[in-house]
Every structure is written in C-alpha cells, then in structure tokens.
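**Q** Fold the following, please.
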Amino acid sequence: MFTAFARAFKTPDLRKKLLFTLGIIVLYRLGAHIPAPGVDYSKVQQCIDQADSGGLLGLMQMFSGGALLQITIFALGIMPYITASIILQLLTVVIPRLEALKKEGQSGTAKITQYTRYLTVALAVLQGTGLVATARSGALFQNCSVGGQIVPDKSIFTTVIMVITMTAGTAAVMWLGELITDRGIGNGMSILMFISIAATFPGALWAIKESGKLADGWIEFGTVILVGFVMVGLVVFVEQAQRRIPVQYAKRMIGRRSYGGTSTYIPLKVNQAGVIPVIFASSLLYIPALIVQFSGSQAGWATWIQDNFVTGTHPYYIATYFVLIVFFAFFYVAISFNPDEVADNMKKYGGFIPGIRAGRPTAEYLSYVLNRITWPGSLYLGLIALVPTMALAGFGGANQNFPFGGTSILIIVGVGLETVKQIESQLQQRNYEGFLR
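**A** Got it, this is the predicted structure:
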C-alpha cells in the first residue's frame, strides 16, 4: 500500500490532483477556526470547556468538524448542502418535473444540481439565523455561566452580518467541494464530510482518556480504540456485501452481425440506503428536544420529553431510534430503487433474469429480493447507530464522548473506500497494479 502511495505521488497528473485536494482540505480546516464577526472567542472557548458538546446539536457539530459551537465562518459546514440534497432526492419522486429532469441525463442532472445550490443557500440563511439567535440568547451553551455574553453586541446590524457571513461560508464550502470533484480526487462533498468527522476524533478520544477512571483512563481509551477497529471491520464487510442478480441479454441479428448475448448482473447492496436512515432518524428525534428547549415549558409533557428523549440513553429513546432507522431504511430504498422501472428497461433492451419472465414477474422478483436483503441491512444500521449508547456502559457513562458513532463510521468507511478505489483505478491505468496485490 505504501509503495502504491509512492507511485501515486510519482505520477505527475495524479500528484497534482492529490496536492490540490490536500490544499483545499487545508483551506477548509482554516476556515473552520476563523471566528465569525461579532463573536467573543474567549467566551466561546470558556463555554466549550464547561458545556457538553454533544446532545442536541451533536449531528451538526459533527458535520461541521467542531466549527458549529465555535461559531466560525464555516460554522454550518456542509450540513445545509446535505439537507438540500436529501430534500431534492425525495422531491424527485413526488414532483413529475424533477423526475423528468432526472431522466434527461447530464443536462437534467446539472439543472437539479443548480436547484440544490439555491436550496442550500436558503437553508444556510435559515440555519444561520437560528444559530445566531440561539447564541445571542445564551441557549447554545445552557450549562455555561457566560453563555449570554458570546455575542456582546446584540444589534440587528451585527446579527445580519453574522448570518450573511455564515451563509457565505456555506457557499464557499460548497464551491470548495465542487473544486475537489472537478480537479481533485474523489467526490468533493464526501471528502469534506470525511475531513469534518475525522477532525473531531482526536479531541473526543483524548476526552475519554481524561474522563476515565481505570488506570488513568488508558483502559477506557484502549477499549474505545478496540471497539472502533471492530466496528470499522464490520462496516467494511457489510458495505461491500451485495446480492448479484444475473441478467442475460438475448442475441439480435442485424444484417450479418450478431449483437447482445452478454451476461451481466444487478448489484443490490445489503445496505442499499447508506447512511441516510441514520441521519433522518437522528434529525427527527431532535425535534422534541428543540420544542422543549425553545418553548421553555415546565409542563408534564415537557418534563417527560426531557427525561426520556434528551439524554439519549433512556430505553424509550433507544427503542424509538432503532425503529425509526429500520423504517427509514425501507422508506429510502423504496423511493431510490424502482423495480418496475428496472424491469421495463431490461425488457426494452432484451434482458431477462434466467428463470424469470420479463416484465411484471421480473419486477415482483426484484421487489422480493430487495425486501429480503433490506431487513438485515436495516437491522445492521440500527445496531451500528446504537453503539455509542451501548459501548462502555460499564465505565461510568464514558460513552457520552464515544467518537465512533454509527453516522461517522458509515461515512468515513464509505468515503474512504470510494476514494481509494478511484486512486487505485487511476494507478491501474498506468501500472496495472493498485493498493492490493
């Protein structure tokens, strides 16, 4: 593997792409540490040391690479773009115009990408306004004594400047991601997401070591590392697993030449939905906590939600989280893979599954297989997502800082595998030898 990396840097065009990608990553991490105008950075650091960085805003904090609670110019990170992409993907199934654009090929995809950019900016304005309002009120760090002094100047002008700065930062992050896609290695947005999550690992691991009680925290630290390696191995194994459905194309005689007659397969992944169900379930479970936080109610229902759904360790929360992940896994697979459309395309080009009639029987067979492999995939997602809650339960609650969460591991492994495959394919074009011999 190390010799493959050396060959990658010896190849001029591949070296330029790798160095360009690394340069963009450096710019992204620098922007994640530049405070937004109007923010008292010393008060922010004091609150970060006092308050818990997880919980309510944990998902956005992870995707921003720790920049959210520091209220930097890249505080929103790529979360608005991820949200916009998911919304457009869901609307494609509902709105016929978007579905027609998706079928138009490259031009239609470019149009949907443009819509995604516009929606990203709109969501950045909305999320930036919410973040600034939360920081001004002191609710961003509830356990901090100086939480209300993070934004000393509470005038409308300062608020507008902060929102505009964060929105521009989101647009800049989106532009940097597209630059990596065009001139670098891998998918730009995925790379930035990878870097954002990986940047939080060292601090979280050291926090576990500092808060540990066994052998000065080294036993907890080693246990977390061991659990992390086991999870990575499990995720790699399941993410690479797929059910290959054989497809045979009939021969066609055109003049004196014979066309077709080839054999291929339809790869159905065990985890066909990816990380989307975990993101959906996490976002949905944040809504009750948000309602309680901003309502300030002390009624019985607010207390019940506070006790059962805010801490993240109550059995009600765990059961609801698991059920929502399973539900969204089936839901997302249902809208992202259309067996009827696949069966029609196969029939149109003379393809068939051996032993299955073309048309409706093929669609029913694909639906049957898809449902059977989605069950283990959804259960696997639920178990992976619950690891932070279950792991280290015997170490006095150290799992609150557990860095190897389901979302982070799934994204890191998925992006890592895809990027390595792209580098390997470019190496094989020149040397016929990749990372694995």
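**Q** leaving aside the residues next to it on the chain, what's closest to residue 20?
**A** residue 184 (4.9 Å; Cβ to Cβ, 6 or more residues apart in numbering). All C-beta atoms are positioned from the backbone trio N, CA, C, and that covers glycine.
**Q** Contacts only, for the one you found.
**A** Taking Cβ atoms under 8 Å, 6 or more residues apart in numbering, we find residue 184 in contact with 17, 18, 20, 21, 24, 191.
**Q** So for it, what's the pLDDT?
**A** pLDDT, residue 184: 86.
**Q** if you look at the contacts of residue 184, which of them are in helices?
**A** Among the contacts of residue 184, the members falling in helices (DSSP state H) are 17, 18, 20, 21, 24, 191.
**Q** quick one: which of those residues is most hemmed in?
**A** Greatest neighbour count in these, by other Cβ atoms under 10 Å, goes to residue 191: 23 neighbours.
**Q** Which residue, other than its chain neighbours, is closest to it?
**A** residue 180 (5.5 Å).
**Q** do the same with residue 176
**A** Of all residues not flanking residue 176 in the chain, residue 24 sits nearest, at 5.2 Å (Cβ to Cβ, 6+ apart).
**Q** Report the mean confidence score over the longest helix anywhere in the chain.
**A** Assignment by DSSP H gives helix 106-137 as the longest helix of the chain. Regarding helix 106-137, the rounded mean pLDDT is 88.
**Q** cool, and stretch 366-383?
**A** Rounded mean pLDDT across stretch 366-383 is 90.
**Q** for stretch 207-216, same thing?
**A** Stretch 207-216 carries an average pLDDT of 73.
**Q** for that stretch, the distance to its chain's centre please.
**A** How far stretch 207-216 lies from its chain's middle: 29 Å, per Cα atoms, centre = their mean, to the nearest Å.
**Q** can you map out the strands along the stretch 201-350 of the chain?
**A** 242-249, 251-254, 257-260, 263-269 (DSSP state E, counting those that start in this stretch).
**Q** export the contacts of residue 184 to JSON lines and tack on distance to residue 412?
**A** Shown next, in JSON lines, are the contacts of residue 184 (distance: Cβ to Cβ, whole Å):
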{"residue": "17", "distance to residue 412": "21"}
{"residue": "18", "distance to residue 412": "19"}
{"residue": "20", "distance to residue 412": "22"}
{"residue": "21", "distance to residue 412": "16"}
{"residue": "24", "distance to residue 412": "18"}
{"residue": "191", "distance to residue 412": "11"}
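**Q** Residue 180 is in contact with the residue nearest to residue 176, correct?
**A** Yes - with contact defined as Cβ atoms under 8 Å, residue 24 counts as touching residue 180 (5.3 Å).
**Q** joint contacts of those two?
**A** With Cβ under 8 Å, 6+ apart as the test, residue 24 and residue 180 both reach residue 188.
**Q** For residue 248, see how far away residue 263 is.
**A** 5 Å (Cβ to Cβ, to the nearest Å).
**Q** which secondary structure element contains the residue nearest to residue 191?
**A** Here residue 180 sits within helix 156-183, counting by DSSP states H and E.
**Q** relative orientation of that helix and helix 106-137 in degrees?
**A** 150 degrees (axes from the mean of the first three to the mean of the last three Cα atoms, to 10 degrees).
**Q** If you count contacts, what does helix 156-183 end up packed against?
**A** Secondary-structure packing of helix 156-183 (3 or more Cβ pairs under 8 Å, 6 or more residues apart in numbering; DSSP states H and E): helix 12-31, helix 79-94, helix 106-137, helix 188-199.
**Q** about what we covered before: which parts of the longest helix of the chain are buried?
**A** 112, 116, 119-121, 123-125, 127-129, 131-132, 134-136 (16 or more other Cβ atoms under 10 Å).
**Q** With pLDDT and distance to residue 173 added, can I get the contacts of residue 184 in TSV?
**A** Listed next are the contacts of residue 184 as TSV, based on pLDDT from 0 to 100; distance: Cβ to Cβ, whole Å:
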residue	pLDDT	distance to residue 173
17	88	20
18	88	20
20	92	16
21	91	15
24	93	10
191	89	11
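**Q** if we can go back for a sec, next, the angle helix 79-94 makes with the helix holding residue 180.
**A** Angle, helix 156-183 to helix 79-94, by the same axes, to 10 degrees: 70 degrees.
**Q** how about helix 156-183: buried residues?
**A** 158-159, 161-163, 165-167, 169-171, 173-174, 176-177, 179-180.
**Q** buried ones in stretch 409-429?
**A** Buried-residue list, stretch 409-429, by 16+ other Cβ under 10 Å: 409-416, 419-420, 423-424, 426-427.
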